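Asks: Give me a 3D structure for the following:
(one chain, ligands or ions: 1)
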Amino acid sequence: MAVLETKISERIATIIFNRPDSLNALNLETLEFFHTTAKELAERKDVSVIVVTGAGEKAFIAGADIKHMQSLSPLQASRFGKLGQDCLFALENAPQITIAAVNGFALGGGCEFAMGCDLIYASEKAKFGQPEVNLGITPGFGGSQRLPRLVGPMKAREMIYTGEMIDAQEALRIGLVARVFPAAEFLGKVMEVAKTIASKGPEAIRRSKVMMRDGLGTDLVRGCAIERDHFALCFAHPDQKEGMSAFLEKRKPNWRD
Ligand code: CAA
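Replies: Alright, predicted model coming up:
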């Protein structure tokens, strides 16, 4: 059985972490497979949205694989951390919108994988946490950097220093997730959002992702300059004429991609 499964349908790719017996913990094989898959999907023009989720009833991803990490040397740990971080940079740099469908535990590397996605949706039974301090280590796949940027430094410090889990409603309250859906209809609801995004102007969606990603790392004036450039370049693409003509002619647009 493959540690990762990928399905593509209606411009949406779904990547499923598939080690339910270990609560989809991330070992070397899974990370390498994921990195390759994410880079391959990034090249595909027929994919607009990538949904990442976990197999089984209990977990999205319960973290990096503790069995694998137990005997690592500092150099091996550095390589392991870099591979995890590279997986998330591959998602952030992909032209597609990425969605984490968090169906259960998202702990340590699991929470970090969710935060590498553009959007996080939680099932009502999801649990988030950075419990690394319980194991005598720190976050290693970008959690100490992305969590404060997403929820603010105060809540991030509390989560990382205590290692305590938060439930889906608390994750929603602090802005870690975009929405919480009932467990019974979870993946269907996430797919509805994915389909909505996939139906919009592809060039506009790609540019929206890049302007927010690049703008967040800079100051407001530079960020607005980045936005202006992308806004202007939309007018060099046929989707702009098509989208506006379709509105004025009261019909659905036919995007070029
Ligand atoms: N690595 C390896 N195996 C794991 C795992 C992990 N992160 N999380 C769970 N498992 C395994 C368990 O060892 C167990 O295997 P066996 O059946 O062979 O004993 C199986 O998954 C089921 O787990 P539990 O029996 O523990 O299930 P539970 O429902 O009682 O508890 C849990 C669930 C609270 C998530 C608990 O499994 C847990 O605390 N897991 C570890 C979570 C963690 O610490 N994650 C952070 C890892 S460090 C990290 O990710 C570093 C980084 O930033 C890169």
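Asks: hang on, Ala13 in a helix?
Replies: No: assigned with DSSP: H, G, I helix; E, B strand; the rest coil, Ala13 falls outside any helix and is strand.
Asks: count of neighbours near it?
Replies: 24 (other Cβ atoms under 10 Å). For the C-beta atoms, the positions are set from N, CA and C on the backbone; glycine is no exception.
Asks: What distance do you get for it to the ligand?
Replies: Between Ala13 and the ligand the computed distance is 24 Å (Cβ to the nearest ligand atom, to the nearest Å).
Asks: Which residues of this protein lie near the ligand?
Replies: 22-23, 25, 62-67, 84, 105, 107-109, 112, 131-132, 134-135, 139-141, 143 (Cβ under 6 Å from any ligand atom).
Asks: Now with 8 Å, please.
Replies: Within the chain, the positions near the ligand by Cβ under 8 Å from any ligand atom are 21-23, 25-27, 58-59, 62-69, 80-81, 84, 105, 107-110, 112, 127, 129-132, 134-135, 137-141, 143, 165.
Asks: gap between stretch 14-21 and the chain center?
Replies: 15 Å (Cα atoms, centre = their mean, to the nearest Å).
Asks: That stretch: end-to-end distance?
Replies: This stretch, stretch 14-21, spans 20 Å end to end (Cα to Cα, to the nearest Å).
Asks: Kindly report the same for stretch 48-60.
Replies: Termini of stretch 48-60 sit 22 Å apart (Cα to Cα).
Asks: Please tell me how far it is from the chain's geometric centre.
Replies: On Cα atoms, centre = their mean, the centre of stretch 48-60 falls 10 Å from the chain's centre.
Asks: re earlier: list buried residues within the residues of the chain next to the ligand.
Replies: 22-23, 25-27, 59, 62-65, 68-69, 80-81, 84, 105, 107-110, 112, 127, 129-132, 137, 139-141, 143, 165 (16 or more other Cβ atoms under 10 Å).
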